[in-house]
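Trainee: Predicted model and sequence below, questions to follow.
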Amino acid sequence: MGDNKKSGLSRAARRIREAGRVLRGKKKPVKLTFLERLAKESSFGRYQYPAADQGIIVDIGMNDGKDTVYYRKRGFQVIAIEAIPHLCTAVAKYFADSQVDGVDIRNFAVTDDDADEVTFYVNKFNTAWSSVDEEFGSRRDGAEKIVVPAIDLSKDLRPVSKKIHYLKIDIEGLDQLALSQIMALPHLPPYVSVENGSLKMLEIMHEHGYDRFKFSNQKYVEYQTFAPSSPHGHIPEHTFEISASGAFGEDVPGNWIRYEDAVKIQKL
């Protein structure tokens, strides 16, 4: 049989036939990206964002915006830092198309020198693996090398440091550097999270006055929920995506533990 449009099949029959091709493995289903699915939901008016009046959350390592969207849903103003230009453009477009304010996307990479630009490796398999570190950024399928603007977080965030409620760091290979720069701010956030909290990062936080900690396994983030009594802004309609950072602060499952106990766990 020829082309669907010339075959005389009704529209419903064509959809059934296409579905059959997918089931038989002859045609792969189109998988929507996170932002595409979000935009589709928004077009049906399924979610309204509250006012951004709960303070500031800083999302260092925004990637495709999974965490930024969640923080904005909680009613926080979000400063989102991301090195990959096309991801910054895509997330900015989503919020602009949705007519949602309160999101400040900054296209920078974090660096430890005074250079205005830095070489950045965009991973070809998974953009979340991209990094200033060539070894990290080139895992599996290699990377595209680009040049992006660079910042020192202690300088960039200094003007708003007193207003930051929570700060998330997830930048492949340079999490410890980012954390050290944050600790140089004049006012430290009440809540901070870092990926793969190594012993050294625990030490850095403890040296700067943080004395209670929680560990959260990102593997199970899609099963996380948050209590109606959460102190962190509005309670939104939200399901955590795989690879998202998930709940933060008081919403993270489990009890807060002392530094000494956190060190013991990290050493296991």
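Mentor: Cool, got the structure. Numbering: from 1, shown residues only.

Trainee: Show the average pLDDT along stretch 155-163.
Mentor: Stretch 155-163 shows a mean pLDDT of 97.

Trainee: Same question for stretch 133-141.
Mentor: Per-residue pLDDT over stretch 133-141 has a mean of 92.

Trainee: For the strand or helix carrying residue 261, enumerate the helices and strands it packs against.
Mentor: Per DSSP states H and E, residue 261 falls inside helix 259-267. Under the contact definition 3 or more Cβ pairs under 8 Å, 6 or more residues apart in numbering; DSSP states H and E, helix 259-267 sits against helix 199-207, strand 212-213. Glycine gets a C-beta too; all of them are placed from N, C-alpha and C.

Trainee: Compare the ones you listed and give me the one nearest residue 53.
Mentor: Among the helices and strands packed on helix 259-267, the nearest to residue 53 by Cβ to Cβ is strand 212-213 (26.9 Å).

Trainee: From residue 98, how far off is residue 233?
Mentor: 18 Å (Cβ to Cβ, to the nearest Å).

Trainee: ok, the two, which is more surrounded?
Mentor: The residue with more neighbours, out of residue 233 and residue 98, is residue 233; 20 against 17, by other Cβ atoms under 10 Å.

Trainee: give the contact list for that one.
Mentor: Residues near residue 233 by Cβ atoms under 8 Å, 6 or more residues apart in numbering: 50, 54, 74-76.

Trainee: buried sites along the helix holding residue 261?
Mentor: The neighbour-count check on helix 259-267 (16 or more other Cβ atoms under 10 Å) flags 262, 266 as buried.

Trainee: Low-confidence regions, the stretch 101-250 of the chain specifically.
Mentor: The model of the stretch 101-250 of the chain has pLDDT under 70 over residues 197.

Trainee: Can you list the residue ranges for helices in it?
Mentor: 134-137, 153-156, 175-182, 199-207 (DSSP state H, counting those that start in this stretch).

Trainee: Turn these into a markdown table, columns for distance to residue 260.
Mentor: Formatted as a markdown table, the helices of the stretch 101-250 of the chain follow (distance: least, Cβ to Cβ, whole Å):
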| stretch | distance to residue 260 |
| --- | --- |
| helix 134-137 | 31 |
| helix 153-156 | 28 |
| helix 175-182 | 20 |
| helix 199-207 | 9 |
